[in-house]
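Student: Can you look at this prediction? I've put the sequence above it.
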Amino acid sequence: MDIRATLAVCLVVLYGAAMTPAAAADEVNASEQVAGSRIRLFGKNGTGMWLYKDKACYKTSFFKKVGAETVSGSIGQAISSARGKANNGKQGIPETKDSKDADSGGYQYYNEFDVNPDKPITILSSFGIGSWSCEGYIAATFTPKAGKDYEGRLDVNLTTKQCHLIVKEIQPTPEGAVLNPIDDLQPAFKCD
């Protein structure tokens, strides 16, 4: 073996050894990302939606959702939504048909949130437009699982005058994301 070949082998070995800590750090970061949970929640004009982290109930006061993160329901969001220019708050959840539609400038928009796995979350929603509204709040709770992503929206049928809160797990596939039902989704009630 000549000196150039020996030197080349040494450089390859040294380069590989130098890259090992970085590769290990990437592997740790990837496992940390998988350990969390995320949820994408949709809003649009007339719809109010709030997220309560680490709670299986919701709390409201006269004009406030106590301890909740607002998904939709602000004046600025309503104006942006009416113009088809709402900004979507992204955390990297795989795209679905609804998120692609919202990203293309539709009247629906969304926010994505990190949530703690194995701790309950509650989604509170309402709808009112003109003289018609859903009766009171519609709320659901479930416990996200580690490494899973979820998507939720209020489905309002103006023809039948019915409102349903829909929350599903996002399952990425090579052909695109599939939405699956959540086993432990149940109605949520006001905190005592």
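Tutor: Thanks, I have it.

Student: next helix or strand past the worst-scoring helix or strand of the chain on mean pLDDT?
Tutor: Least confident helix or strand, the chain: helix 3-35 with a mean of 43, by mean pLDDT, DSSP states H and E. Next along the chain after helix 3-35, taking DSSP states H and E as the criterion, comes strand 37-43.

Student: Could you spell out the sheet neighbours of that following strand, each with its direction?
Tutor: Strand 37-43 sits in its sheet next to strand 109-115 (antiparallel), strand 149-157 (parallel), going by DSSP bridges.

Student: Quick check: buried residues in the first one?
Tutor: It stands for strand 109-115. Across strand 109-115, burial judged by 16 or more other CB atoms under 10 Å covers 109-113, 115. All C-beta spots, glycine's among them, are computed from the backbone N, C-alpha and C.

Student: Then stretch 159-172?
Tutor: 163, 165, 167-170.

Student: and what of stretch 126-134?
Tutor: Quick answer for stretch 126-134 (16+ other CB under 10 Å): 126-127, 134.

Student: neighbouring contacts of it?
Tutor: For stretch 126-134, the surrounding residues in contact (CB atoms under 8 Å, 6 or more residues apart in numbering) are 45-49, 73, 125, 136-138, 154, 156, 158, 161, 163.

Student: cool, and stretch 35-42?
Tutor: 49, 51, 71-72, 91-93, 96, 98-99, 102, 108-117, 121, 123, 144-154, 167, 170.

Student: Buried only: go through those residues for me.
Tutor: 49, 51, 71-72, 93, 96, 98-99, 102, 108-113, 115, 121, 123, 144, 148-154, 167, 170.
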